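Colleague: requesting a structural model of the entry that follows:
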Amino acid sequence: MTPTSVSFVIPMYNESRGIANTVKELTRIAKGLTGDYEIIIADDGSTDDSGRIIDRIAEEDSRVKVEHLRKNTKFGGALRRGLNRAKKDIIIYTDSDLPVDYDDIKGAFFLLDACDIVTAFSKVKKGETLKRIIMSRVYNFLIRFLFRTNIKDINSGFKIYKRKVFENMELISNSPFVDVEIFIKALKRNFIIKQYPVIFKHRKAGKSYISRPAVVLKTAADMLRFKCQKSL
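Modeller: Got it, this is the predicted structure:
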């Protein structure tokens, strides 16, 4: 599939050390895919200089769009804001440290001829701490058990969606559980999900906040709330 237009959606929190390089690399990647693209950065209440950095970039490049959230929402709120802003035919979500490269993105597009969502999983496990490995395995097990999904890494940092997936889809999760909510609601509407193996790159700047206790607790709360709503 050759994309006619692409929206990149990047949730961001305290990425002052790396966000400029991410936008620069995304711009290069986007130009290799299509002439009609936008890069949407959703600042999830950053407390460092990253908000000002992306504002300056957006002033210089009209294809870079910025959404500022006043308070940190633990990821999900920022992703929702970015997805709501996206206007192109294809929506690509990737983490703000850009863990994939051009070949990964281009290769994933081939799957869109036969599906509506492409979600990546790591085919090589490297550089992960024992804590992150345990958290990931427990979380993915719970999701498979509670919601009967077969996604290998449901919170991976690279996904491609056809824009129609989000038509009339109301998302409520503010935590990383928003990925699960999207998949479950998409499957309920008979959208097709394909999984794509990649080798995720090591983070070069900044740090991940996904394992913060506040994020873990918020994810658990969103999971229980969603499960209860589905059961009603």
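
Colleague: state the distance from T119 to Q195.
Modeller: 6 Å (Cβ to Cβ, to the nearest Å). No exception for glycine: its C-beta is placed from N, CA and C like everyone else's.

Colleague: which one of the two has more residues nearby?
Modeller: Taking T119 and Q195 together and counting by other Cβ atoms under 10 Å, T119 has the greater number of neighbours (25 against 16).

Colleague: who does that one bridge with?
Modeller: Counting by DSSP bridges, T119 is bridged to K159, Q195.

Colleague: distance-wise, check it relative to S62.
Modeller: Taking Cβ to Cβ, one finds T119 at 30 Å from S62.

Colleague: run through the residues that contact the most centrally placed residue in the chain.
Modeller: By Cα atoms, centre = their mean, the chain has its centre lying nearest to Y93, at 4.0 Å. Neighbouring residues of Y93 by Cβ atoms under 8 Å, 6 or more residues apart in numbering: F8, V9, I10, P11, L79, G82, L83, F158, K159, I160, Y161.

Colleague: check F166 too.
Modeller: L83, A86, I91.

Colleague: got the residue ranges for the strands in the chain?
Modeller: 6-12, 37-44, 64-69, 90-94, 117-122, 158-162, 193-198 (DSSP state E).

Colleague: counting contacts, what elements does the second one pack onto?
Modeller: Looking back up the chat, that one is strand 37-44. Judged by 3 or more Cβ pairs under 8 Å, 6 or more residues apart in numbering; DSSP states H and E, strand 37-44 is in contact with strand 6-12, helix 19-33, helix 50-60, strand 64-69, helix 76-85.

Colleague: save those as a markdown table, and put in distance to I134 and mean neighbour count too.
Modeller: Formatted as a markdown table, the helices and strands packed on strand 37-44 follow (distance: least, Cβ to Cβ, whole Å; neighbours: other Cβ atoms under 10 Å):
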| stretch | distance to I134 | mean neighbour count |
| --- | --- | --- |
| strand 6-12 | 24 | 27 |
| helix 19-33 | 28 | 18 |
| helix 50-60 | 29 | 17 |
| strand 64-69 | 30 | 19 |
| helix 76-85 | 22 | 22 |
